[in-house]
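In: after the sequence you'll find the predicted model.
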Amino acid sequence: MFRTVFSIALRHLVGRPRQTFTTIAGVAVSTMVLITTISLTRGLLDSFVETIVNVAPHITLKGEMLEPLPVDLFAGGDTLRHAFVTENVQKEEREEVRNYRQVLGVLESDNYAGQVVTASPYVESQIIVIKGNLNGPVLMKGVMIDRENAISGIGDKLTAGNLAFFRKTPNSLLVGRTVAENLDLELDDEVTVVPPEGPSRQCKVSGVFFTGVNAVDNSVFVSLRFGQLIEGLPADKVTGIAMKVMEPLVNVPLAEELERVTGYECSTWQEENASILSLFARIGYIVLSLVAFVGVVSGFGVANILVTTVFEKSRDIAIMKSYGFSAGALVGMFILEGFMVGAAGALAGGVFSVGSINLLASIPVETTQGPLTKTGFSMSWNPLYFFFVIIVTVLISTVAATIPSTRAARLVPVTVLRDSSL
């Protein structure tokens with residue numbers, strides 16, 4: 001019985017080649033677009049996470065002390081009593097990590113030997129870099145270059161110069177590519193650094209780096225001691241301590257423990273980039289909604305060809321019912337047609353999407369994709385995307401076939417044959 005139903009369903013589709021091909025092509029194109037879109041959005045997220053994990057610190061200990069909870073002076077007393085602060089003018093203290101070497105000792109102790117890979121103290125300051133008639137505000141970061149290299153791999157990302165030149169050159173700068181392009185900086189150029197307070201200083205460009213993270217490429221690195229001089233900090237104080245940990249994706253418990261041990265705020269890379277990760281999540285929801293809407297449109301296309309088939313083949317359907325085909329068999333036949341059209345279109349779309357993903361990934365054009373600068377588009381090759389879209393497309397096409405199939409099952413053979421011209 002199934003062979004007979006399958007043969008009739010196939011004849012229905014082959015008998016209308018133009019409409020069948022158009023419907024399959026529509027399903028294929030929608031499947032290709034959806035898989036490519038999901039691959040692009042997910043690829044951008046994966047690329048962002050991978051780049052941040054490789055370049056940015058996994059946990060950052062900041063100079064903000066954790067304040068204890070306020071003490072309730074009126075606990076147990078008269079609930080109608082109130083306290084008012086009439087004047088509370090205090091000097092705003094700069095956020096800094098005091099005696100940072102002791103904190104480094106804690107991070108490098110045996111207690112965290114299997115958790116913290118390396119720790120790098122740093123000093124941040126907003127400066128103005130001047131070269132001739134060009135100038136611009138830049139984020140300066142004073143670091144111990146070997147420790148910083150262990151976290152961000154900055155030595156491998158230098159496009160000009162090297163770390164040895166940086167170490168032996170007094171007042172030297174490692175300049176991000178964005179800064180170098182904006183100020184037309186090259187290796188060995190002399191620039192003037194103007195700090196927020198204090199005298200300006202002459203510096204030399206000893207290297208240019210490119211990480212692909214726009215925020216990092218718009219900054220400069222200097223030695224830790226030079227950064228402390230620019231910011232006016234003594235030798236035992238820094239702005240914060242950056243850490244690279246063994247488990248960058250499961251780092252919240254460690255950050256919370258370090259807060260309790262050191263008394264300083266510790267933020268993870270997820271917290272630092274929460275807004276961007278949230279944006280990616282919203283984009284993901286939008287893409288999933290597109291999958292649903294485009295799938296429904298494809299389903300309407302499948303339903304349309306089957307409705308036309310039922311209308312044109314109503315006499316044949318009546319004859320089939322007269323020969324003993326049950327309503328269930330007719331419903332199954334048209335559902336099978338919808339399944340075949342959906343499966344053919346979805347599988348063709350999956351094949352086309354492989355080509356479109358390869359094409360986008362191979363375009364040798366440098367583009368700024370959100371917080372990153374990449375050459376070509378970051379595409380994801382997760383087979384689950386192919387499987388998910390193809391299954392959803394086939395499912396919607398099959399469900400859409402139930403609309404004309406129920407109509408075919410309700411046809412009364414006597415009425416159809418009486419009204420038709422024999």
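Out: That came through fine.
In: now do the strands in the stretch 251-400 of the chain.
Out: With DSSP state E, counting those that start in this stretch as the definition, the stretch 251-400 of the chain shows strands at residue ranges 264-268, 366-369, 372-375.
In: and those, which one's lowest on average pLDDT?
Out: Lowest mean pLDDT of the strands of the stretch 251-400 of the chain: strand 366-369, a mean of 61.
In: list phi and psi for Arg201.
Out: When read as degrees, to the nearest 10, the backbone of Arg201 gives phi -130, psi 150.
In: what strands line up against the biggest strand by length in the chain, and which way round?
Out: Longest strand in the chain by number of residues (criterion: DSSP state E): strand 116-131. Its sheet considered, strand 116-131 pairs with strand 134-143 (antiparallel), strand 190-194 (antiparallel), strand 240-245 (antiparallel) by DSSP bridges.
In: neighbouring contacts of the last one?
Out: Strand 240-245 is touched from outside by 57-63, 97, 100, 103-104, 107, 115-122, 124, 148, 150-151, 251, 254, with contacts defined as CB atoms under 8 Å, 6 or more residues apart in numbering. From N, CA and C alone the C-beta is placed, and that goes for glycine too.
In: and for the second one?
Out: The contact list for strand 190-194, computed with CB under 8 Å, 6+ apart, reads 127-131, 140, 173, 183, 185, 200-205, 230.
In: list buried residues within those.
Out: Neighbour-count burial (16 or more other CB atoms under 10 Å) applied to the contacts of strand 190-194 gives 127, 129, 131, 140, 173, 183, 185, 201, 203-205, 230.
In: from the residues you listed, which is closest to Thr51?
Out: Distance to Thr51, by CB to CB, is smallest for Met140 among these, at 22.1 Å.
In: could you list the low-pLDDT ranges of the stretch 201-350 of the chain?
Out: Along the stretch 201-350 of the chain, the parts satisfying pLDDT under 70 run over 291, 294-295, 298-299, 301-323, 325.
In: now do the helices in it.
Out: Assigned by DSSP state H, counting those that start in this stretch, the helices in the stretch 201-350 of the chain fall at 214-217, 224-231, 252-262, 269-272, 274-312, 314-322, 327-362.
In: closest one to Val53 among those helices?
Out: helix 269-272 (7.0 Å).
In: buried stuff in the closest one?
Out: 269-270, 272.
In: which single one of the residues you listed is nearest to Leu336?
Out: The nearest member of those to Leu336, counting by CB to CB, is Gln270 at 48.3 Å.
In: about what we covered before: how about the buried ones among the contacts of strand 190-194 in a markdown table, adding distance to Val191?
Out: Compiled in a markdown table, those are given as follows (distance: CB to CB, whole Å):
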| residue | distance to Val191 |
| --- | --- |
| Ile127 | 10 |
| Val129 | 5 |
| Lys131 | 5 |
| Met140 | 12 |
| Leu173 | 7 |
| Leu183 | 7 |
| Leu185 | 7 |
| Arg201 | 10 |
| Cys203 | 5 |
| Lys204 | 8 |
| Val205 | 7 |
| Ile230 | 13 |
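In: now, which of the residues you listed sits nearest Glu50?
Out: Nearest to Glu50 among those, counting by CB to CB, is Met140 at 26.7 Å.
In: list the beta-bridge partners for the closest one.
Out: In this entry, Met140 is beta-bridged to Ser125, Val220, by DSSP bridges.
In: what packs against the helix or strand hosting Val175?
Out: Counting by DSSP states H and E, the element that carries Val175 is strand 172-176. Helices and strands touching strand 172-176, by 3 or more CB pairs under 8 Å, 6 or more residues apart in numbering; DSSP states H and E, are helix 163-168, strand 201-209, strand 219-223.
In: which of these is buried the deepest?
Out: Each of the helices and strands packed on strand 172-176 was scored by mean neighbour count; the highest is strand 219-223, a mean of 24, by mean count of other CB atoms under 10 Å.
In: contacts for that strand, please.
Out: So strand 219-223 is contacted by 129, 138-145, 148, 154, 171-176, 179, 203, 209, 230 (CB under 8 Å, 6+ apart).
In: same question for stretch 349-364.
Out: Under the criterion CB under 8 Å, 6+ apart, residues 27-32, 34-36, 39-40, 375-379, 381, 386, 389-390, 393 lie in contact with stretch 349-364.
In: got the buried residues for it?
Out: 349-350, 352-353, 356-357, 360-361.
In: do the same with stretch 26-43
Out: Result for stretch 26-43 [16+ other CB under 10 Å]: buried residues 26-43.
In: which ones among those residues are found in strands?
Out: Short answer: the buried residues of stretch 26-43 have none in strands (DSSP E).
In: of these, which belong to helices?
Out: When those are checked against helices (DSSP state H), the matches are 26-43.
In: could you report the pLDDT at the residue nearest in space to the middle of the chain?
Out: The chain has Leu45 as the residue nearest its centroid, 1.8 Å off, counting by CA atoms, centre = their mean. Note on Leu45: pLDDT of 80.
In: and the helix or strand that contains it, how far from the chain's centre?
Out: When elements are assigned from DSSP H and E, Leu45 belongs to helix 17-55. Relative to the centre of its chain, helix 17-55 is centred 15 Å away, using CA atoms, centre = their mean, to the nearest Å.
In: who does the next helix-or-strand element following it touch, helix- and strand-wise?
Out: Counting by DSSP H and E, the next helix or strand C-terminal to helix 17-55 is strand 59-65. Other elements packing on strand 59-65 under the criterion 3+ CB pairs under 8 Å, 6+ apart are strand 97-98, strand 240-245, helix 252-262, strand 264-268, helix 269-272.
In: my read: Ile283 touches Leu40, true?
Out: No. If you go by CB atoms under 8 Å, Ile283 and Leu40 don't touch, sitting 9.9 Å apart.
In: any chance of JSON lines for the buried residues of helix 269-272, columns distance to Ile403?
Out: Converted to JSON lines, the buried residues of helix 269-272 look like this (distance: CB to CB, whole Å):
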{"residue": "Trp269", "distance to Ile403": "50"}
{"residue": "Gln270", "distance to Ile403": "46"}
{"residue": "Glu272", "distance to Ile403": "51"}
